[in-house]
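Colleague: from the sequence below, what's the structure:
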Amino acid sequence: MKIVVIGGSGLIGTKLVGILGAQGHQAVPASPKTGVNTLTGEGVADALTGAQVVVDVSNSPSFEDAAVLEFFQTSTRTLLAGALDAGVGHYVALSIVGSDRIRDSGYMRAKAAQEQLIVESEIPYSVVHATQFFEFLQGIIDAGTDGDTVHLAPVLIQPMAGDDVAAAVAEVAVGTPVNGVVEIAGPEQFRLDELGRSVLAGQHDPRPVVADPDARYFGAKLGERSLVPADGARLAATNLDDWRTRAKRGA
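Modeller: Numbering: from 1, shown residues only. All right, here's what the predicted structure looks like:
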């Protein structure tokens, strides 16, 4: 089966192409690096010719509110039009748990707009909502740093490994379109502030972490369960300690 992976040169895309290829599929990485530009349309038609599935795991180069909205809307419209012309039978997009409820985040609003375009298209689809990746925890901590202190809201978070994200997206991609959302998450829940302390302690980083209910998460105010999935989510196998061990080994 020919599966085109949009954003196939990124963290999840690279892993996804490897998984699908090992399963015997023709996994085609598509990104500006391979001559496919979803903003201009360059290379899209050629890349999608003969594809049965399109998987979009791309991300905006800018997180500024207007820029990220423009990226996801323009890119998704281009891909949907190309997929429709190519007769693609399954359109898969990776999104984020909380995209439908963290409305004061420009990034989340952009992801919600992307999802809406997919839902309104004629193409059978599956949207995968993933929780935050272990690989991005450092970025969350750094974003919450003010001076020498880290401010994190004491809300629930259920992160997962990038390898598990890619494996789950691959499973969805080769399956029947659900015409809805599939939620995936890690096996453990933490308080965000406690997780931040654990991460910094493991790095011997002396920055103190303050449990601050008013702390913003990339500009958004969080509720208790903003970052965790609903009941029934597919839970990955890799816990935080296992991921740390693999990361230290460079696996």
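Colleague: ok, the closest residue to residue 121 other than its chain neighbours - contacts?
Modeller: Residue nearest to residue 121 in three dimensions, not counting chain neighbours: residue 80, with 4.8 Å by Cβ to Cβ, 6 or more residues apart in numbering. Every residue, glycine included, has its C-beta placed from N, CA and C. Residues near residue 80 by Cβ atoms under 8 Å, 6 or more residues apart in numbering: 91, 117-118, 121, 123.
Colleague: residue 42 should be in a helix, yeah?
Modeller: No. Using DSSP: H, G, I helix; E, B strand; the rest coil, the assignment for residue 42 is coil, not a helix.
Colleague: count the neighbours of it for me.
Modeller: By other Cβ atoms under 10 Å, 14 other residues sit near residue 42.
Colleague: and for the one 3 residues further on?
Modeller: Other residues lying near residue 45 total 14 when counted by other Cβ under 10 Å.
Colleague: hang on, it packs against residue 82?
Modeller: Yes. If you go by Cβ atoms under 8 Å, residue 45 and residue 82 touch, sitting 5.7 Å apart.
Colleague: check the offset of the longest helix along the chain from the chain's centre.
Modeller: For the chain, the helix with the greatest residue count under DSSP state H is helix 65-86. Distance of helix 65-86 from its chain centroid, counting by Cα atoms, centre = their mean, to the nearest Å, is 16 Å.
Colleague: same question, stretch 199-215
Modeller: Counting by Cα atoms, centre = their mean, stretch 199-215 comes out at 24 Å from the chain centroid.
Colleague: now that stretch: mean pLDDT?
Modeller: Stretch 199-215 carries an average pLDDT of 95.
Colleague: buried residues, stretch 82-102. List them.
Modeller: 82-83, 86, 88, 90-99, 102 (16 or more other Cβ atoms under 10 Å).
Colleague: just the helices in this structure please.
Modeller: 11-22, 44-48, 65-86, 106-120, 137-143, 162-173, 192-202, 240-249.
Colleague: which of those sits closest to residue 219?
Modeller: Nearest to residue 219 among the helices of the chain is helix 106-120; the distance by Cβ to Cβ comes to 7.0 Å.
Colleague: and that closest one, what does it pack onto?
Modeller: Here helix 106-120 touches helix 65-86, strand 90-96, strand 125-130, going by 3 or more Cβ pairs under 8 Å, 6 or more residues apart in numbering; DSSP states H and E.
Colleague: tabulate the ones you listed (CSV), appending distance to residue 26 and mean pLDDT.
Modeller: Written out in CSV, the entries for the helices and strands packed on helix 106-120 read as follows (distance: least, Cβ to Cβ, whole Å; pLDDT from 0 to 100):
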stretch, distance to residue 26, mean pLDDT
helix 65-86, 14, 97
strand 90-96, 15, 98
strand 125-130, 19, 98
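Colleague: make a markdown table out of the ones you listed and add distance to residue 152.
Modeller: Listed next are the helices and strands packed on helix 106-120 as a markdown table, based on distance: least, Cβ to Cβ, whole Å:
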| stretch | distance to residue 152 |
| --- | --- |
| helix 65-86 | 22 |
| strand 90-96 | 18 |
| strand 125-130 | 20 |
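Colleague: relative to residue 110, which of those is closest?
Modeller: helix 65-86 (4.3 Å).
Colleague: buried residues, the closest one. List them.
Modeller: Buried, per 16+ other Cβ under 10 Å, within helix 65-86: 68-69, 71-72, 75-76, 78-80, 82-83, 86.
Colleague: could you do stretch 240-248 as well?
Modeller: 240, 243.
Colleague: and the contacts of that stretch?
Modeller: By Cβ under 8 Å, 6+ apart, stretch 240-248 touches 134, 159, 161, 186, 188, 190, 195, 198, 202, 238.
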